[in-house]
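Peer 1: Provided below are the primary sequence and the corresponding predicted coordinates.
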Amino acid sequence: MSRPTRILIVSCSTGSGHVRAARALEQTILREFPHITCRHIDVADFITPLFKTTAVRGYGFLVSHLPRVWKSLFKLTDNARIMKAYRTLTNYLKKLNSFEFIHEVEKFEPDQIICTHFLPAEILAHSQKKHNSKIPLTEIITDYGLHPAWIVEGVTTYIVATASMKQNMIDMFHISEHSIKVFGIPIDPAFTEARDSLSLKSSYGIPPTNPVILVLAGGDGLIDIVTVLEELFSHLTFPASIIAVAGNNTTLHKRIDKLHPPSHITYHTHGWTNQIPELMSIASVVISKPGGLTTTECISMGVPLIAINPIPGQEDFNIDFLSRTGSGALARTKDEIYPLLTHYLSDNYQPKDRVYSRSAHDTITYLTT
């Protein structure tokens, strides 16, 4: 009797989106493909501290504290030749710092490997080429645009969000069209579940007729949403409910807890929570950073996204997609938040239908049939 298919899912904790995409795949396999054995690992847990500091924490520092520097680096490396030269310089560093990661992969003995970030894909492709390994390697691009860093020699299959991304990969990077599948960005299957919004509102103590504004600081709580909340408190003149989520940032959670909204606003705060699908299902509008996963979750829920504090480069792609599809818009300054909010809450705005994402299901089905 043959053993069950073994799928290894590899993320990289440069921001929460890549990890959430990996977990979405893992949850989909557990729910819908019980005959498959899967495991999810984060490459950052199996590389040396120095490499982790430069490759993972360095990214977080740049996007949080030096966004202009990150934007310049993003633009500089948005070139296939420069990326090739960069990889030539860093291949030795990756090899030297990834022995434990490669060992962990080999120990699992996967039949398929899925990467939700290009760093583990680079390490694995380089290792497989050296050892003449033939394990199929899939890469899932977790934004609505393409940077050359995602093009990795040795990747078997690319999963992309849109047909235009596929065409760009064919035209610009000469990737075979048969190696590119337009399945979208995988999100947790919990975002595809139907819920009774009135019952949920009641459970949160929210009046049934109140519009709900969901303000998210991101999984790591890197967005200072205090200014956003104060802006809403000072401008909202009608009854409304605001739910603010600080993520893993305990300091931010304490700060938003101390805010005092006017009496016509009901106000709820959370730290890290796994109830985001539930909260989005009662939201009239979401205000958050436009990561690829958050963008996709909002579209799946049919709730407009007011984008704030985008990471220059990759999240500009997501803002363009939101704008093209009428699913949201960018607030460049705090003064633009309230006008956008009143637009999305007005009778003139036609809410989008829910788009139930099948990306994770379609990806696993394709790779295992």
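Peer 2: Looks like it came in fine.
Peer 1: contacts only, for residue 334.
Peer 2: Taking C-beta atoms under 8 Å, 6 or more residues apart in numbering as the criterion, residue 334 is in contact with 227, 228, 231. The way it works is simple: take the backbone N, C-alpha and C, and place the C-beta from them, glycine included.
Peer 1: hmm, 6 Å instead?
Peer 2: Applying C-beta atoms under 6 Å, 6 or more residues apart in numbering, we find residue 334 in contact with 227, 231.
Peer 1: could I get the phi/psi values of it?
Peer 2: phi -60, psi -30 (degrees, to the nearest 10).
Peer 1: next one: residue 306
Peer 2: The phi/psi pair for residue 306 (degrees, to the nearest 10) reads phi -90, psi 110.
Peer 1: let's see the pLDDT reported for it.
Peer 2: Residue 306 is assigned 98 on the pLDDT scale.
Peer 1: which stretches in the stretch 101-250 of the chain count as strands?
Peer 2: For the stretch 101-250 of the chain, the strands defined by DSSP state E, counting those that start in this stretch cover 112-115, 137-140, 157-160, 180-182, 212-216, 240-245.
Peer 1: now the ones you listed as JSON lines including distance to residue 356 and mean pLDDT?
Peer 2: JSON lines is the format used below for the strands of the stretch 101-250 of the chain (distance: least, C-beta to C-beta, whole Å; pLDDT from 0 to 100):
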{"stretch": "strand 112-115", "distance to residue 356": "21", "mean pLDDT": "97"}
{"stretch": "strand 137-140", "distance to residue 356": "18", "mean pLDDT": "97"}
{"stretch": "strand 157-160", "distance to residue 356": "17", "mean pLDDT": "98"}
{"stretch": "strand 180-182", "distance to residue 356": "16", "mean pLDDT": "97"}
{"stretch": "strand 212-216", "distance to residue 356": "20", "mean pLDDT": "98"}
{"stretch": "strand 240-245", "distance to residue 356": "23", "mean pLDDT": "97"}
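Peer 1: skipping adjacent residues, who's closest to residue 272 in space?
Peer 2: In space, and not counting its chain neighbours, residue 272 is closest to residue 248: 4.9 Å by C-beta to C-beta, 6 or more residues apart in numbering.
Peer 1: report how many residues lie close to that neighbour.
Peer 2: Residues near residue 248, counting by other C-beta atoms under 10 Å, number 15.
Peer 1: quick one: contacts for it?
Peer 2: 220, 221, 272.
Peer 1: among the helices and strands of the chain, which has the poorest mean pLDDT?
Peer 2: Between all helices and strands in the chain, the lowest mean by mean pLDDT, DSSP states H and E belongs to helix 58-65, at a mean of 62.
Peer 1: what stretches of the stretch 101-250 of the chain score poorly on pLDDT?
Peer 2: Within the stretch 101-250 of the chain, no stretch has pLDDT under 70.
Peer 1: so which residues of it form helices?
Peer 2: Counting by DSSP state H, counting those that start in this stretch, the stretch 101-250 of the chain has helices at residues 118-131, 163-173, 197-203, 226-235, 250-257.
Peer 1: how about the helix or strand where residue 269 lies, which residues are buried there?
Peer 2: Using DSSP states H and E, residue 269 maps to strand 265-270. By neighbour count with 16 or more other C-beta atoms under 10 Å, strand 265-270 contains the buried residues 265, 266, 267, 269, 270.
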